[in-house]
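In: Coordinates for the following, if possible.
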Amino acid sequence: MIKRSFLHMRAPHPNMQATLKPAQHKIDWISKHTIHFPKGLNPHNILILARLEAYMPVCFFSTMVGLNIAGSSHNLASLLTIGLANMFAMAATCAFNDTEDAPEDMLASSTRNIIALGKASKSTGYIVAVGFGIISLSLAMIAGITVFLIISVLIVIAFLYSWRPVRLKAMPFWDLSTHAIMGGLMFLSSAWSYGIFWDSHVLSVCLIFSSGIALALLAHQLYDYEDDIAAETTTTVVVLGKRTTYWVKGGIYFLIVYLIAKENLSGFFPFKLIMSFCFVASSMILITIILHPKQAFSVTKHMIPWAVNAGAVAAILMWYIR
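Out: Presented below is the predicted three-dimensional model:
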């Protein structure tokens with residue numbers, strides 16, 4: 001005997017059949033008043049768009065170093081508030097960048113951009129970016145007007161970096177400059193949070209974070225060199241060429257090492273803090289190369305953000321237990 005659902009049963013009397021069918025106007029009313037979320041707007045995709053693994057510990061490390069200059073490195077409330085404000089500002093940047101980059105990323109041979117892959121809509125990307133931006137500015141306002149102004153400038157620069165009518169990322173050297181500025185602003189948001197705008201360490205440490213972010217961008221552009229050429233995206237690396245870029249990277253490495261050594265000799269950066277960062281980061285990269293020798297280049301590229309962030313975590317722990 002085949003069982004049928006209630007709505008598919010035939011009424012015992014013809015005039016009762018209409019009462020067993022849901023009225024069409026009720027179906028239309030339900031459809032009209034049902035909330036339809038944009039495609040892919042779920043916690044999993046929100047975390048993917050945020051890309052926290054690429055920068056979260058670095059945000060807190062730069063905040064901690066800045067607070068140390070301001071004389072409040074052990075103020076946990078400030079560390080969390082400013083660190084989270086920077087983190088959500090970067091999350092908004094990543095989500096907005098993926099949304100604006102979707103057309104080009106569709107042409108790439110491989111991509112992590114879920115909007116380009118069709119797993120989420122552009123509306124989802126914009127909603128996530130705006131939401132993260134609002135959270136960041138709200139936290140910055142709690143931390144003070146100086147922090148709010150710096151985070152606001154950071155978000156505006158990040159917006160202009162990806163926004164198609166301006167698209168600083170498609171302008172050679174401007175792409176590198178904007179990254180360097182954003183790296184410096186993350187540090188200054190905490191260094192200037194207590195009204196101390198100049199200190200003997202501010203310029204050197206600011207240059208360390210700015211140069212580090214610029215170096216990360218050059219490494220990323222070198223990896224995406226062929227894809228950028230295929231998509232006709234003009235980046236700094238595309239203009240300079242691979243050979244010249246390697247020389248520029250070497251110069252930036254030398255500058256960072258010099259500045260870190262200078263701050264170490266002045267007593268600002270303890271030697272064990274520097275060694276903990278370098279040991280953890282380099283160990284993770286070396287282990288990856290040993291485990292995947294035939295795919296060393298591609299695997300290392302994906303491991304570098306994790307290695308740098310692991311090094312930042314190690315440095316934070318060493319900072320507080322010194």
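
In: Please report how far the closest residue to Phe173 other than its chain neighbours lies from Ala91.
Out: Nearest residue to Phe173, sequence neighbours excluded (C-beta to C-beta, 6 or more residues apart in numbering): Thr236, at 5.5 Å. All C-beta spots, glycine's among them, are computed from the backbone N, C-alpha and C. Counting by C-beta to C-beta, to the nearest Å, the separation of Thr236 from Ala91 is 24 Å.

In: which one of those two has more residues nearby?
Out: Ala91 (28 against 22; other C-beta atoms under 10 Å).

In: So that one sits against Ala50, correct?
Out: Yes - here Ala91 lies in contact with Ala50, judged by C-beta atoms under 8 Å, at a distance of 4.0 Å.

In: Mind listing the shared neighbours of those two?
Out: Phe132 (C-beta atoms under 8 Å, 6 or more residues apart in numbering).

In: by contact count, what packs against the strand or helix carrying Ile229?
Out: Following DSSP states H and E, one finds Ile229 within helix 225-230. Packing partners of helix 225-230 (3 or more C-beta pairs under 8 Å, 6 or more residues apart in numbering; DSSP states H and E): helix 236-240.

In: What's the mean pLDDT across the helix or strand just after the helix it packs on?
Out: Sequence-wise, the next helix or strand downstream of helix 236-240 (DSSP H and E) is helix 242-265. Average pLDDT, helix 242-265: 91.

In: just checking, next helix/strand downstream of helix 242-265?
Out: Downstream of helix 242-265, the next assigned helix or strand under DSSP H and E is helix 271-291.

In: helices or strands up against the one helix or strand Met186 maps to?
Out: Element membership of Met186 [criterion: DSSP H and E] is helix 174-191. Applying 3+ C-beta pairs under 8 Å, 6+ apart, we find helix 174-191 packed against helix 56-69, helix 76-105, helix 145-162, helix 202-223.

In: Just tell me which of those ends up closest to Ile46.
Out: Ile46 sits nearest to helix 76-105 of all those, at 8.2 Å, using C-beta to C-beta.

In: Which residues belonging to the closest one are considered buried?
Out: By neighbour count on 16 or more other C-beta atoms under 10 Å, the buried set for helix 76-105 is 78-79, 81-102, 104-105.

In: cool, stretch 204-223 as well?
Out: Buried residues in stretch 204-223, counted by 16+ other C-beta under 10 Å: 204-223.

In: can you give me the mean pLDDT across it?
Out: Per-residue pLDDT over stretch 204-223 has a mean of 89.

In: ok so, going back, Gly40: which of the helices and strands packed on helix 174-191 is closest?
Out: helix 76-105 (11.4 Å).

In: what's the angle between that closest one and helix 56-69?
Out: Counting by axes from the mean of the first three to the mean of the last three C-alpha atoms, to 10 degrees, helix 76-105 lies at 140 degrees to helix 56-69.

In: just checking, what packs against helix 76-105?
Out: Where contact means 3+ C-beta pairs under 8 Å, 6+ apart, helix 76-105 is packed against helix 43-50, helix 56-69, helix 122-143, helix 145-162, helix 174-191.

In: what comes into contact with the second one?
Out: Where contact means C-beta under 8 Å, 6+ apart, the residues beyond helix 56-69 that reach it are 73, 75, 78-79, 82-83, 86-87, 90, 183, 186-193, 196, 199, 201-202, 205, 209, 268, 308-310, 312-313, 315-316, 319.

In: Give me the mean pLDDT for that helix.
Out: For helix 56-69, the mean pLDDT works out to 89.

In: buried sites along it?
Out: 56-69.

In: contacting residues around Gly183?
Out: Applying C-beta under 8 Å, 6+ apart to Gly183 gives the contacts 62, 209-214.

In: can the residues you listed go into TSV with extra columns for distance to Ile289?
Out: Putting those into TSV (distance: C-beta to C-beta, whole Å) gives the following:
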residue	distance to Ile289
Ser62	28
Phe209	27
Ser210	28
Ser211	24
Gly212	21
Ile213	24
Ala214	24
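
In: pretty sure Ala85 is touching Ala143, no?
Out: Yes - in this structure, Ala85 is within contact of Ala143 by C-beta under 8 Å, at 6.3 Å.

In: Overlap in contacts, the two.
Out: Joint contacts of Ala85 and Ala143 (C-beta under 8 Å, 6+ apart) are Ser189.

In: how about low-confidence regions in the stretch 101-250 of the chain?
Out: Applying pLDDT under 70 to the stretch 101-250 of the chain flags residues 108-111.

In: now with 80?
Out: Applying pLDDT under 80 to the stretch 101-250 of the chain flags the ranges 104-111, 195-200, 224, 227-228, 230-233.

In: With Ile114 as the reference, measure out to Met106.
Out: From Met106 to Ile114 the distance is 12 Å (C-beta to C-beta).
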